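In: Quick one, what's the 3D model for this:
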Amino acid sequence: MSMYLNKIYQFGKSLLTTTIKERLFLRSEVNNLRKNMSLTSQSFAEIIENDQIYVDKTRQIHQLINLGKYFFLSRPRRFGKSLLISTLKELFSGNKHLFKGLWIYDKYLWESYPVIHIDMSKVACDEEGILKISLSKILDKIARSYDIQLDKDDHYQHKFSDLIEKIAERNLSGPKKVEGGRTSHTGSDQTAFSP
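Out: The predicted structure follows:
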């Protein structure tokens, strides 16, 4: 087995072991906790700011971001994909204050990177034409948040590449760089980031 495959195997094994331990902890300790459990929120920031229960998976997230470059995340419905993507967004945005008390707090170099986060649950997709228009509008909105102007007539795929290139030109110089890295999964979010 190659070293890379062995790292992925070890990561998967540690994630499974930790998840089992966390579930045992929750089962035995949930009555002693005075925090509310969020049943609807998929936003890491919202869960932390509302002082709700968050099972700390930042150790595995740290392993994940140091393991490779491109990932395909496939998990069943309601299994935490959107929360994971939201956590990555806050991590790469450098929002250290949200991670206070979590494993990663003093083990990560807190720098802020531009993050493009597209929540597909908010994209109108009744038919193909509407989907393309909706994606284009979302990319325009993200561009405006970075004070970037995209060509209105461009196809949404061109807008996405243009957005990444313009964010790179505007925000990063020196040793840091933006790449078209993507995480993708069968859920409702997609985030482009470059640690």
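In: mind checking pLDDT for His62?
Out: Note for His62: predicted pLDDT of 92.
In: The closest residue to it other than its chain neighbours: how many residues sit nearby?
Out: Counting by CB to CB, 6 or more residues apart in numbering, Ile104 is the residue found nearest to His62 once chain neighbours are left out, at 5.3 Å. Placement of C-beta: from N, CA and C, glycine included. Neighbours of Ile104 under the rule other CB atoms under 10 Å: 19.
In: which residues does Ile104 contact?
Out: Residues near Ile104 by CB atoms under 8 Å, 6 or more residues apart in numbering: 58-59, 61-62, 91.
In: Secondary structure element holding His117?
Out: strand 116-119 (DSSP states H and E).
In: For that strand, name the packing helices and strands.
Out: Where contact means 3 or more CB pairs under 8 Å, 6 or more residues apart in numbering; DSSP states H and E, strand 116-119 is packed against helix 81-92, helix 128-145, helix 156-171, strand 189-192.
In: So Glu111: helix, strand or coil?
Out: Under DSSP: H, G, I helix; E, B strand; the rest coil, Glu111 falls in the coil class.
In: mind giving me the domain split of the chain?
Out: Annotated domains of the chain cover 1-113, 115-177 [automatic domain parsing].
In: So what's the gap between the shortest one and the chain middle?
Out: Spelled out, that is domain 115-177. Centre-to-centre, domain 115-177 and its host chain are 16 Å apart (CA atoms, centre = their mean, to the nearest Å).
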